[in-house]
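Undergrad: model the structure of this input:
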Amino acid sequence: MNRIKPNKLLGSKWTAIKPANKEKHFIVSDVEFDEEDVVVLCLIEAVMSKRFIQIDWRDLEDDSQWLHGWI
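TA: Numbering: from 1, shown residues only. Sure, this is the predicted structure:
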């Protein structure tokens, strides 16, 4: 399990274990918090296609789907 602190998400780099559409490397490009510092929005950007995807930030903790860093 990848350990993630929500305040460290922005700018972090991730590698998809099972790439789709040749999109393997991603960077967290936007994170929004509510008044209680709970993440309400997390956008990742595919490095190759520049496509943005909204995900639940807790999905990044699943090391069967994501690896921290670019590998």
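Undergrad: just after the biggest strand by length in the chain, pick out the following helix or strand.
TA: Taking DSSP state E as the assignment, the strand of the chain that covers the most residues is strand 23-33. Counting by DSSP states H and E, the next helix or strand C-terminal to strand 23-33 is strand 39-46.
Undergrad: average pLDDT for the following helix or strand past that next one?
TA: As assigned by DSSP H and E, the chain's next helix or strand after strand 39-46 is strand 52-54. Averaged over strand 52-54, pLDDT sits at 98.
Undergrad: from the middle of its chain, how far away would strand 52-54 be?
TA: Remark: strand 52-54 is offset 9 Å from the chain centroid, using CA atoms, centre = their mean, to the nearest Å.
Undergrad: neighbouring strands of that strand in the sheet, and parallel or not?
TA: strand 39-46 (antiparallel) (DSSP bridges).
Undergrad: what's the angle from the partner strand to strand 23-33?
TA: 160 degrees (axes from the mean of the first three to the mean of the last three CA atoms, to 10 degrees).
Undergrad: what backbone torsions are found at the residue lying farthest from the centre of the chain?
TA: Distance from the C-alpha centroid of the chain peaks at Glu35, with 21.7 Å (CA atoms, centre = their mean). Per-residue torsions, Glu35: phi -60, psi -20 (degrees, to the nearest 10).
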